[in-house]
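Student: Provide a 3D model corresponding to the input given below.
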Amino acid sequence: MQTNVITGIADAVSSYYSIPAESLFANTRQRGVTDKRAIFHYLCHKHTDLSLKQIGAISVQYGGRAYNHATVIHNIKKSKNLVKIDKRFAIDLLHIDAYVTKNVIIKKEREVLVNHNIQLMLERWFEQESREYLECLSSIAEILHREEDLGVIKNWIGCYEGVHQIT
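Tutor: Residues are numbered from 1 along each chain as shown. As a prediction, this is how the structure comes out:
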């Protein structure tokens, strides 16, 4: 899951600025590049539980050199400070963070939640060995995979758990 989140963050930053993801990790000190890289490091730190060294090493996947933990710390602090003094940077960071939260983090949470509960339903089916129960599970699984709203999914799962306790 971490890899998908990291890729999603890199894609979000590069897409927002209309640049290739590889250019985030170009070996340059130009402010236009370093600010974007700082946003990437900040969001990786915020949305993953990777160590600072691991976050710095991600750039190798995109053809850059690995950054040490001190550089990552500097970029995280830089992002926090720039948000306070640079309105454009703050707006950019908020937009990218909102996009990542909605389209990367929640999407992954949804997939994990849905797949885990489908697995539980299948285990219950093996206990019941009922064709009707399997057909019911199939329709629930189909609805869960189509639904985009995490709240609706949680409600469906709550209904399933109630059925599960009754049977």
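
Student: from here on, contacts and neighbour counts on C-alpha atoms
Tutor: Fine.

Student: Would you mind pulling up the elements that the one helix or strand residue 55 maps to packs against?
Tutor: Using DSSP states H and E, residue 55 falls within helix 52-57. If contacts are counted by 3 or more Cα pairs under 8 Å, 6 or more residues apart in numbering; DSSP states H and E, helix 52-57 sits against helix 31-47, helix 69-85.

Student: which parts of the first one are buried?
Tutor: Within helix 31-47, the residues that qualify as buried are 34-45, 47, counting by 16 or more other Cα atoms under 10 Å.

Student: What's the mean pLDDT across the one helix or strand residue 12 maps to?
Tutor: Following DSSP H and E, one finds residue 12 within helix 2-16. Helix 2-16 shows a mean pLDDT of 88.

Student: And stretch 56-73, how far out from the chain middle?
Tutor: In terms of Cα atoms, centre = their mean, to the nearest Å, the centre of stretch 56-73 is found 19 Å from the chain centre.

Student: That one: end-to-end distance?
Tutor: 10 Å (Cα to Cα, to the nearest Å).

Student: list the buried ones in that stretch?
Tutor: 56, 57, 58, 59, 62, 64, 66, 67, 69, 71, 72, 73.
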